[in-house]
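Trainee: Here is a sequence together with a model predicted from it:
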Amino acid sequence: MKLTVPRQDLADAVAWATRVAGGRAQLPALTGVLLEAADGRLVMRATDLEVTAEVGVDARIEAPGTALLAARLLAQLVARLPDGDVTLADDGERVRIECGRAKFRVRRIPAEDFPTPPALTAEAIEGSVKAHAFSRLVTQVGRAAAAGEDARAVLTGVNLEAADGRLTAAATDTYRLAARSVAFERAVEGAAIVPARALAEVDKAIAAGGGADVTVVLDAGQAQFRVGERTLTTRLVEGPFPNYRSLLPDASEVTVVVERAPLAEALQRAQVVASAAANTPVQLSFSEGGLELAVQNTEAGDASEQLPAEVEGGPLEIAFNPRYLQDGLEAAGTERIRFELRDGLRAAVIRPVAPEGEDADDLTYLLMPMRVS
C-alpha cells in the first residue's frame with residue numbers, strides 16, 4: 001500500500017471514524033482503524049461491534065493495499081502533522097507516515113480479526129431526510145433517551161418509525177418523553193430502535209458538512225445512515241418500545257405561553273440553589289399575573305423569580321426536575337414556548353411556538369412532575 005492524501009482531509013476523516021473504535025477492547029482489532037486504498041480512494045473503517053463508522057476520501061494511490069493501525073495513535077498523530085500532503089506506505093510490519101519533514105513508522109495490527117457489518121438485505125427500507133432537519137430531530141429527541149448501564153435497553157434508544165411519508169422519532173427515560181416527525185422522501189414503512197449514541201455520531205457527520213441529505217436505511221437487526229462520504233451502521237436495540245402515544249394528553253386545562261430565553265436564564269440561576277441537594281425540584285406557579293419560578297433548599301436557601309407570561313386557565317402550581325425542564329426548553333429552541341397542563345400531578349407538555357406566519361416544529365416534550373411535600 002502506498003498513497004498520498006491532503007492532511008486536512010485525512011485528519012477530518014480519521015477523527016470521525018475513530019470515535020467509535022474500542023479504546024480498551026479485548027480484541028486488538030477493535031482498537032484500530034482499517035485503511036483500504038484502491039481506485040483513487042482511501043476508505044477508513046472503525047467499529048466497536050455495536051456501531052461501525054466508514055468514511056472515504058480521494059487519494060493518489062500508487063499501490064493499493066490494506067492496513068489496520070491503532071485508532072487513537074493515528075488520530076492524534078495526523079491531527080498534529082503540518083499542513084501539506086501526507087504519504088502512507090506499507091513497510092512490512094509497519095506503515096510509514098510522512099508529511100513535510102515529519103516521519104513516523106507505525107506498527108500494524110493484524111487485520112484478520114477486523115469485523116465487517118452484515119450486508120443489507122433486500123427487505124431493507126430506504127429514504128432520505130434533509131440533513132438540517134435530521135440534525136434538529138436528533139438533538140431535540142435524543143436528549144430524552146435514558147443513559148447509564150442500569151437503564152432498560154429499549155430506553156437507551158430512539159424509536160424511528162417510517163410511515164405516510166414521515167419519519168417519526170421518539171425517546172423516553174420514563175421521566176420525560178420527546179417525539180417529533182420530519183418529511184421522509186419515500187413512502188416506505190418500517191420501525192427500528194436505534195441507539196441514541198449512534199444518532200449522535202450521525203449528527204457529528206452532518207456538522208462536518210458531509211451533504212445536504214441523510215439517507216436512512218432500516219433493516220433487520222441494523223440501521224444505516226449515509227451522509228456524504230460518511231456511513232454509520234449500527235445494531236438495533238431489541239425489544240418493544242413503549243406505547244408512548246397513549247401517554248400523550250388529549251386535552252389541557254391550562255395553557256401558558258412564555259419567552260423561552262428569560263425562563264431558561266431564570267432556571268439556570270435557580271439551579272445554583274437546587275444543585276446543593278439532590279432531587280431538589282423547581283416549582284412553577286402560573287396565575288393571571290404571569291409565572292413565578294421558585295426553589296427551596298434547606299441546605300443552600302431559596303430563590304424565586306417573576307416572569308411575564310400569557311396564562312389561560314389556572315391558577316396552577318407544578319414542580320419539575322430542573323435539568324429535565326432545561327432540556328425541554330433547549331429542545332424547543334424557539335423564542336417562545338407553550339406549556340399545556342392538566343393539574344399539578346399529571347404530565348405537562350412543552351411545545352415550540354413559531355413566529356407569526358411560520359410553522360413550528362411538531363415537537364412534543366412531555367415532562368412528568370415531581371411531588372412536593
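Mentor: All right, it came through fine.

Trainee: switch to C-alpha atoms for all contacts and neighbour counts from now on
Mentor: OK.

Trainee: which residues touch Arg186?
Mentor: Residues near Arg186 by C-alpha atoms under 8 Å, 6 or more residues apart in numbering: 126-128, 165.

Trainee: how close does the residue of the chain positioned farthest from its centre sit to Arg371?
Mentor: Largest separation from the mean C-alpha position in the chain: Gly92, at 40.0 Å (C-alpha atoms, centre = their mean). Gly92 is 66 Å from Arg371, where distance means C-alpha to C-alpha, to the nearest Å.

Trainee: how about the nearest residue to Asp58, chain neighbours excluded?
Mentor: Distances taken as C-alpha to C-alpha, 6 or more residues apart in numbering place Arg41 nearest to Asp58, at 4.7 Å, with adjacent residues excluded.

Trainee: in the one helix or strand Ala205 maps to, what's buried?
Mentor: Ala205 belongs to helix 196-207 when assigned by DSSP states H and E. Within helix 196-207, the residues that count as buried by 16 or more other C-alpha atoms under 10 Å are 196-203, 205-206.

Trainee: ok now that helix, how far from the chain's centre?
Mentor: 5 Å (C-alpha atoms, centre = their mean, to the nearest Å).

Trainee: again with stretch 93-100
Mentor: The answer for stretch 93-100 is 35 Å, by C-alpha atoms, centre = their mean.

Trainee: next one: stretch 234-251
Mentor: Centre-to-centre, stretch 234-251 and its host chain are 18 Å apart (C-alpha atoms, centre = their mean).

Trainee: ok, and what's touching it?
Mentor: Identification of contacts with stretch 234-251 by C-alpha under 8 Å, 6+ apart yields 50-52, 153-155, 157, 159, 177, 192-195, 198, 221-224, 342, 347, 366.

Trainee: 6 Å instead, please
Mentor: Residues from elsewhere that reach stretch 234-251 (C-alpha atoms under 6 Å, 6 or more residues apart in numbering): 50-51, 193-194, 221-223.

Trainee: Give the buried residues for the helix or strand where Ala191 lies.
Mentor: For Ala191, the element it lies in under DSSP H and E is strand 190-195. Within strand 190-195, the residues that count as buried by 16+ other C-alpha under 10 Å are 191-195.

Trainee: from those residues, which is closest to Ala133?
Mentor: Val194 (17.5 Å; C-alpha to C-alpha).

Trainee: surely the closest one meets Thr156?
Mentor: No: here Val194 lies out of contact with Thr156, judged by C-alpha atoms under 6 Å, at a distance of 8.6 Å.

Trainee: about what we covered before: can you put the buried residues of strand 190-195 in JSON lines and add pLDDT and distance to Met1?
Mentor: Shown next, in JSON lines, are these (pLDDT from 0 to 100; distance: C-alpha to C-alpha, whole Å):
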{"residue": "Ala191", "pLDDT": "91", "distance to Met1": "42"}
{"residue": "Ala192", "pLDDT": "94", "distance to Met1": "39"}
{"residue": "Ile193", "pLDDT": "96", "distance to Met1": "39"}
{"residue": "Val194", "pLDDT": "96", "distance to Met1": "36"}
{"residue": "Pro195", "pLDDT": "95", "distance to Met1": "35"}
